[in-house]
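Chemist: structure for this input, please:
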Amino acid sequence: MSLWKKLLWFAVAALGTWAVAMLALSRGEHISALWIVAAGFCALSISYRFYSKWLATKVLVLNEQRATPAVLQDDNKDYVPTNGWMVFGHHFAAIAGPGPLVGPVLAAQFGFLPGTLWILIGATLGGGVHDMIVLFASIRRGGKTLGQMVREEIGPGVGLLALVSVLAIMIILLAVLALVVVQALAESPWGVFTIATTIPIALVMGIGLRTGKVSVMAVTIFGLLGLAFGVWGGQFLAHSPAIEGWFRHDQKWLAWAIMIYGLAASILPVWMLLTPRDYLSTFLKLGTVAMLAAAVVLINPTLQMPAITKFIDGSGLVFAGPVFPFVCITIACGAVSGFHSLIASGTTPKMITRESRIRSIGYGAMVTEMIVALMAMIAACVLQPGQYFAINTKGAPAEVVAKVSAAGFPVTEAEMQKLATNLGESTMFNRAGGAPTFAVGMAHMFARVSTKPTALALWYHFAIMFEALFILTTIDAGTRVGRFLLQDFLGNLWRPLGNTRSWTANFFSSILLVAAWGWFLYEGVIDPLGGINSLWPLFGLANQLLSVVALCLGTTLLIKMRKSRYLFVTLVPLCFMCAVTFSAGYLKVFSPDPRLGFLSGAKSLLSQAAAMTDPIKAANLARQATIWRFDAFVAVFFLVLVLLIVLGSARQWWQLLRGAKRVVLHESEFVPLSAVS
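Modeler: Numbering: from 1, shown residues only. As a prediction, this is how the structure comes out:
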């Protein structure tokens, strides 16, 4: 490296260090959001340039001459050699669901500092390693799923239990993500129009590329023009009520539509719909995030939220729980996320044509998602804290205003009504969940660049549509990965059902999977106060438990590859995630605080039900208590299961390091890329 390059990288490191210092040391004064942007881009640049390159060349030793599963097993359905940029687009769109948008917004109740530090450290030292090593492992094993690899490398019994738990988590996760999309798009013709237009555009792109007569550049230009039309044209539907009626639908209709779309994305060849649509969605995602970063640079907003709030003790208004471990549970995607391991061992390894792309796709997509999470943190923290907490706190308006103001963040009902009017909404109270808050913050920043009086409402509804698109691309890839997992399981019962080359087995498995998460989705639509919404607290915990399983697998593989001197690469994030997940799990189940613990919360609800004279309300509370007890059971089940996997893995590590067990590495046979026609 030349002297000038060394000086350049030293300057980048110095700027990043200074930015983090400014964020960490600020107390009592508002500072610019530019410091978060600077810290993020410096961390991305340094970690990708140096750490990911070291992982690729020294730890994993990627081999450019080795044929990948996509090349060796090309079946025109799941295993399809695909352009590198399109694979990146698909992978990023699949992993960047609601997590990097919603998680940082909710974690902002602790202040901007805890969440920002966790995103920066977690993504570069944990998430990037997690995603990259699972993707590497799957490619070296013929595109096998996480459950298959755990069964082969750690043990058949543990692997089977892991497969069942991962599949159960996937079903509930897909149902809730679909429910979020349904709620965002219900009675929203603009959002439905934009998302609906991406489907035929993606089909044309996929077919055009498959013919071999159209270049990737031409297809990309066509797709971008079509996407621009979908985003821009949706706002004019209001001028034609008849056409608008085609795209205005209630939640039930949208639920069925998403189920049909998920089924199609799982069954159709990956090149026809899934890959081009995710690739297309990535342009909107990255384009919007780039616009957010540009808006931060142009308007230089100040962070209204303090660096650290009083709620780090666990008394938060948005959700209960202390800053550790719950900042690491709330912010999963954007830092470390177990769901990424399912994509990295699902659809992505079946499309990559060269091992060198493991670095850009596995690590690169993760640190790109880190930037998305930082933008979401900024969007939440540039709002007035009183407005932020009023939007995310449940209760009657007068009750919410009194509670938020008493906590030291003054806000009034008139102020909230003015905000709702400017956004084109009837009210902004009881809009918890993170997504509306991100949309408000994003709209505030974009609207400051425009002088139009309707700009705030326009950008708010654009942000809602943008979030729905973000989540939908996780559903389609997740359904296909879930089908792989289900076929792994069914193949143990009857071998033909595990054959992914069989259209009959694929169709049958897809129907079963979509029916499973579709049932939970429909129940959530017809009964919004029912069980599906109450399972939200489990998702962050279950997601991070998956990351523990993936990091156990990564550690096992490093030992078997005789890379024991590099074990700190996976062991450090593994130990940290174990501390996070098991402490959070214990608190969620056994905490005496009824706002936090499932069991104490269920007991409190039963006490309230016993004191009520209205039998209907009492029955609803009793039902909610039953659901919370079920949540406690599920949480304990997952915790025990993952603990057994960790202990089983540790036992195997000890035997391997002592030489008491023969090393069996289940890698596919090396086939030179040049030998494949």
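
Chemist: for the stretch 201-350 of the chain, which segments count as helices?
Modeler: 216-233, 241-247, 251-267, 274-299, 323-330, 339-344 (DSSP state H, counting those that start in this stretch).

Chemist: minimum distance to residue 25: which of those helices has it?
Modeler: Among those, helix 323-330 comes nearest to residue 25, with 18.0 Å by Cβ to Cβ. No exception for glycine: its C-beta is placed from N, CA and C like everyone else's.

Chemist: average pLDDT across that closest one?
Modeler: For helix 323-330, mean pLDDT is 92.

Chemist: do stretch 639-654 as well
Modeler: Mean predicted lDDT for stretch 639-654 stands at 89.

Chemist: so what's the gap between that stretch and the chain middle?
Modeler: 26 Å (Cα atoms, centre = their mean, to the nearest Å).

Chemist: and what of stretch 324-337?
Modeler: How far stretch 324-337 lies from its chain's middle: 11 Å, per Cα atoms, centre = their mean.

Chemist: could you number the chain from 658 rather than 1 from now on?
Modeler: Renumbered: residue one is now 658, and that last one reads stretch 981-994.

Chemist: what comes up buried for it?
Modeler: 981-994 (16 or more other Cβ atoms under 10 Å).

Chemist: for those residues, which one is nearest residue 1000?
Modeler: Using Cβ to Cβ, those come closest to residue 1000 at residue 994, 9.7 Å.

Chemist: what residues are up against the closest one?
Modeler: 752, 756, 784, 787, 1200, 1201, 1204 (Cβ atoms under 8 Å, 6 or more residues apart in numbering).

Chemist: and the residues you listed, which two are the farthest apart?
Modeler: For the contacts of residue 994, the farthest-apart pair by Cβ to Cβ is 752 and 1201; their separation is 14.7 Å.

Chemist: which residue, other than its chain neighbours, is closest to residue 1030?
Modeler: Using Cβ to Cβ, 6 or more residues apart in numbering and skipping the chain neighbours, the partner closest in space to residue 1030 is residue 991 (2.7 Å).

Chemist: that neighbour contacts residue 763, doesn't it?
Modeler: No. The criterion here is Cβ atoms under 8 Å, and residue 991 misses it with residue 763 at 11.8 Å.

Chemist: out of residue 752 and residue 1201, which sits in the more crowded spot?
Modeler: residue 752 (29 against 26; other Cβ atoms under 10 Å).

Chemist: show me the contacts for the closest residue to that one other than its chain neighbours.
Modeler: In this structure, residue 752 finds its nearest non-sequential neighbour in residue 997, 4.8 Å apart by Cβ to Cβ, 6+ apart. Contacts for residue 997 (Cβ under 8 Å, 6+ apart) come out as 752, 784, 787, 788, 791, 990, 1023, 1204.

Chemist: and for residue 1310?
Modeler: 1212, 1213, 1216.

Chemist: test my guess that the last one contacts residue 1314.
Modeler: So the one you mean is residue 1216. Yes. Distance between residue 1216 and residue 1314: 6.5 Å, which falls inside the contact criterion (Cβ under 8 Å).

Chemist: need the buried residues of stretch 981-994 in JSON lines with distance to residue 960, can you?
Modeler: Shown next, in JSON lines, are the buried residues of stretch 981-994 (distance: Cβ to Cβ, whole Å):
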{"residue": "981", "distance to residue 960": "22"}
{"residue": "982", "distance to residue 960": "24"}
{"residue": "983", "distance to residue 960": "21"}
{"residue": "984", "distance to residue 960": "17"}
{"residue": "985", "distance to residue 960": "21"}
{"residue": "986", "distance to residue 960": "23"}
{"residue": "987", "distance to residue 960": "19"}
{"residue": "988", "distance to residue 960": "17"}
{"residue": "989", "distance to residue 960": "23"}
{"residue": "990", "distance to residue 960": "22"}
{"residue": "991", "distance to residue 960": "18"}
{"residue": "992", "distance to residue 960": "19"}
{"residue": "993", "distance to residue 960": "24"}
{"residue": "994", "distance to residue 960": "25"}
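
Chemist: of all the residues you listed, which two lie farthest apart?
Modeler: 981 and 990 (19.0 Å).

Chemist: related to what we said a few turns ago, who are the contact partners of the residue nearest to residue 1030?
Modeler: 756-757, 760-761, 776, 779-780, 784, 1026-1027, 1029-1031, 1033 are the contacts of residue 991 under Cβ under 8 Å, 6+ apart.

Chemist: then residue 712?
Modeler: Here residue 712 is in contact with 786, 789, 790, 1016, 1020, 1226 (Cβ under 8 Å, 6+ apart).

Chemist: state the helix or strand in which the first one lies.
Modeler: For residue 786, the element it lies in under DSSP states H and E is helix 785-797.

Chemist: what is the burial count for the residue nearest to residue 1039 when sequence neighbours are not counted?
Modeler: Nearest in space to residue 1039, with sequence neighbours left out and distances taken as Cβ to Cβ, 6+ apart, is residue 958 at 4.5 Å. Residues lying near residue 958 (other Cβ under 10 Å) number 21.

Chemist: for residue 1027, see how far away residue 958 is.
Modeler: 20 Å (Cβ to Cβ, to the nearest Å).

Chemist: in this structure residue 1035 contacts residue 691, no?
Modeler: No. Contact between residue 1035 and residue 691 fails when scored by Cβ under 8 Å: they sit 9.4 Å apart.

Chemist: just want to know which of the two has more residues nearby.
Modeler: Neighbour count, other Cβ under 10 Å: between residue 1035 and residue 691, residue 1035 has more, with 29 against 18.

Chemist: give me the element that one is part of.
Modeler: helix 1021-1038.

Chemist: just to revisit the earlier point, give me the common contacts of residue 1035 and residue 691.
Modeler: Common contact partners of residue 1035 and residue 691 (Cβ under 8 Å, 6+ apart): residue 953.

Chemist: quick one: the helices in the stretch 1158-1307 of the chain?
Modeler: Under DSSP H, counting those that start in this stretch, the stretch 1158-1307 of the chain gives helices at 1160-1183, 1188-1191, 1193-1217, 1225-1247, 1255-1268, 1272-1315.

Chemist: still on that earlier bit, out of the contacts of residue 991, which comes closest to residue 1154?
Modeler: Nearest to residue 1154, judged by Cβ to Cβ, of the contacts of residue 991 is residue 756 at 31.5 Å.
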